[in-house]
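In: prediction below, plus the sequence it came from.
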2 protein chains.
Amino acid sequence: MAKDVTLYWGSGSAPCWRVMIALEEKALQGYNHKLLSFDKMEHKSQEVLNLNPRGQLPTFKHGDNIVNESYGACLYIENQFKSQGNKLIPDSSAEMALMYQRMFEGLNLNDKINAVVYYEYYVPEAERNESVLKKRKDDLASELKLWEGYLEKLGPGSCLAGQHFSLADVTIFPAVANLFRYGLSADRYPKLAQYHALLKDRPSIKASWPPHWLENPQGQGTLKDV
Amino acid sequence: MAKDVTLYWGSGSAPCWRVMIALEEKALQGYNHKLLSFDKMEHKSQEVLNLNPRGQLPTFKHGDNIVNESYGACLYIENQFKSQGNKLIPDSSAEMALMYQRMFEGLNLNDKINAVVYYEYYVPEAERNESVLKKRKDDLASELKLWEGYLEKLGPGSCLAGQHFSLADVTIFPAVANLFRYGLSADRYPKLAQYHALLKDRPSIKASWPPHWLENPQGQGTLKDV
């Protein structure tokens, strides 16, 4: 079945990484894939645009079916390969509710990380403003405190929706890994650091770890004072 | 079962409306609900904050389970009440793929609508700039052209993921209804207008139509030149 799957991806992109973790969890190793370079604008190539008019990565194809939105692709993969690999949607209604809640709250987390990390990338130098950047860092810190609280309440060794690794972890772990790569303080955010340590060597995550992070394990310190 | 469900909601909020359509489709009429006023900041009341630390609507509870993120709540409701009411996730893998793709692409549509409609609300008068607003309207127009193309390809009388009404429609119809309420031109966007006409009298949608829209059928013309 894996040979019916094709993924176009970029190294370090949280949306791409989500889909790769889902494919690993569902035992779809051996799928076709093509690593593209954002720097070289390969995500805007005709090959991608033919499958994805938005020219974004991931671009994901299974047979003739295309699901390029990363959350959609993860849900589709779990649904199409329900009985294969690890179950990613818990049976218990309480864990399922928490999973959906955290999974979609994760969109806030991503937005707030991106607002800081890509500030210089998206805002022209003339328009940059220390007080705006400071506000964005404060917003991110408030967001991170919510997640510290969620993890604290669940207790040590827990995944985001409880005992079982689920789509909440598939979708949110890449954001957490980005936080620490960008220098987030494990002392100030100990529960997130524990969560990161708990999952970073999980086979699906290790197998899909961004290759350019392996080459350069130290990222920029953009988030060290958050 | 409906009496185990409680929804806190605001009139006209697309995220609230999604959840209400899902509840109607799954034959959960008679659920407990409380209409709150954004203007009076009732979404920041202690009653809401106890269930939803973000102080947002919808706030949704089923038994002891809480799912406040609207996409999460729709997926949870479909999953918990699979065999009740209308099936909202198609069986065919092709329709399912298209459903997940459109459902999550819908987040772009919402963001781009909000960037125009709430421009004056979120940007202080001193910082407002005609060229920024124009750029946002152009971005919205480009987004809308994608959706015109999607609907054109599916042909007349089609829902967003094909023949069957699905979670793609549950999540995106409220945005489309907002577009036309804010004065979008049916001449310039005929496929979206057809789609709006196709679904506006569907029982689940009619039953959950925003009450203040019924009182004041004519909205502002914010989007009339998009």
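Out: Noted; the coordinates are in hand. Numbering: from 1, shown residues only, chains lettered A, B, ... in the order given.
In: burial count for A:G162?
Out: Number of residues near A:G162 (other Cβ atoms under 10 Å in any protein chain shown) recorded here: 19. In this view, the C-beta of every residue, glycine as well, is placed from N, C-alpha and C.
In: how far away is it from B:Q80?
Out: Distance, A:G162 to B:Q80, by Cβ to Cβ, to the nearest Å: 17 Å.
In: same deal with A:V67?
Out: Taking Cβ to Cβ, one finds A:V67 at 24 Å from B:Q80.
In: looking at those two, which is more packed in?
Out: Comparing A:V67 with B:Q80 by other Cβ under 10 Å, the one with more neighbours is A:V67, at 29 against 19.
In: residue contacts, the more buried one?
Out: Each residue near A:V67 by Cβ atoms under 8 Å, 6 or more residues apart in numbering or on different chains is listed here: A:F60, A:A73, A:Y76, B:A97, B:Y100, B:Q101.
In: what number of residues lie near the residue lying closest to A:A161 once chain neighbours are set aside?
Out: Leaving aside its sequence neighbours, A:A161 sits nearest to A:M99 (Cβ to Cβ, 6 or more residues apart in numbering or on different chains; 3.8 Å). Around A:M99 sit 29 other residues, with neighbours defined as other Cβ under 10 Å.
In: ok, now A:Y71?
Out: Close neighbours of A:Y71, defined as other Cβ under 10 Å, add up to 23.
In: these two touch, right, it and B:F104?
Out: Yes. Using Cβ atoms under 8 Å, A:Y71 is in contact with B:F104, at 5.1 Å.
In: could you check how many residues crowd around A:A193?
Out: Neighbourhood size, A:A193 [other Cβ under 10 Å]: 19.
In: list the buried residues of stretch A:108-116.
Out: In terms of neighbour count (16 or more other Cβ atoms under 10 Å in any protein chain shown), stretch A:108-116 has its buried residues at A:L109, A:N110, A:K112, A:I113, A:N114, A:A115, A:V116.
In: try stretch A:155-171
Out: Across stretch A:155-171, burial judged by 16+ other Cβ under 10 Å covers A:158-162, A:164-171.
In: what about it, start to end distance?
Out: The first residue of stretch A:155-171 is 20 Å away from its last residue (Cα to Cα, to the nearest Å).
In: state the mean pLDDT of it.
Out: For stretch A:155-171, the mean pLDDT works out to 97.
In: distance between that stretch and the chain's centre?
Out: 14 Å (Cα atoms, centre = their mean, to the nearest Å).
In: tell me the strands in chain A, going along the chain?
Out: Under the criterion DSSP state E, chain A contains strands at A:5-9, A:32-35, A:59-62, A:65-66.
In: domain parsing for chain A?
Out: Here the domain parsing of chain A from automatic domain parsing is A:2-80, A:93-215.
In: for B:M41, which of those is the nearest?
Out: Minimum separation from B:M41 across these (Cβ to Cβ) falls at domain A:93-215, 18.6 Å.
In: now find how far off-centre the closest one is within its chain.
Out: Centroid displacement of domain A:93-215 relative to its chain, using Cα atoms, centre = their mean, is 8 Å.
In: which ones are touching A:G157?
Out: Applying Cβ under 8 Å, 6+ apart, the residues contacting A:G157 are A:L198.
In: flag every residue of chain A that's near chain B.
Out: For chain A, the residues in contact with chain B (Cβ under 8 Å from any Cβ of the partner chain) are A:53-54, A:62-73, A:75-76, A:79-80, A:89, A:93-94, A:96-98, A:100-101, A:103-105, A:107-108, A:146.
In: again, only this time at 6 Å
Out: A:65, A:67, A:69, A:71-72, A:75-76, A:93-94, A:97, A:100-101, A:104-105 (Cβ under 6 Å from any Cβ of the partner chain).
In: out of those, list just those in helices.
Out: Counting by DSSP state H, the residues of chain A next to chain B place A:Y71, A:G72, A:L75, A:Y76, A:S93, A:A94, A:A97, A:Y100, A:Q101, A:F104, A:E105 in helices.
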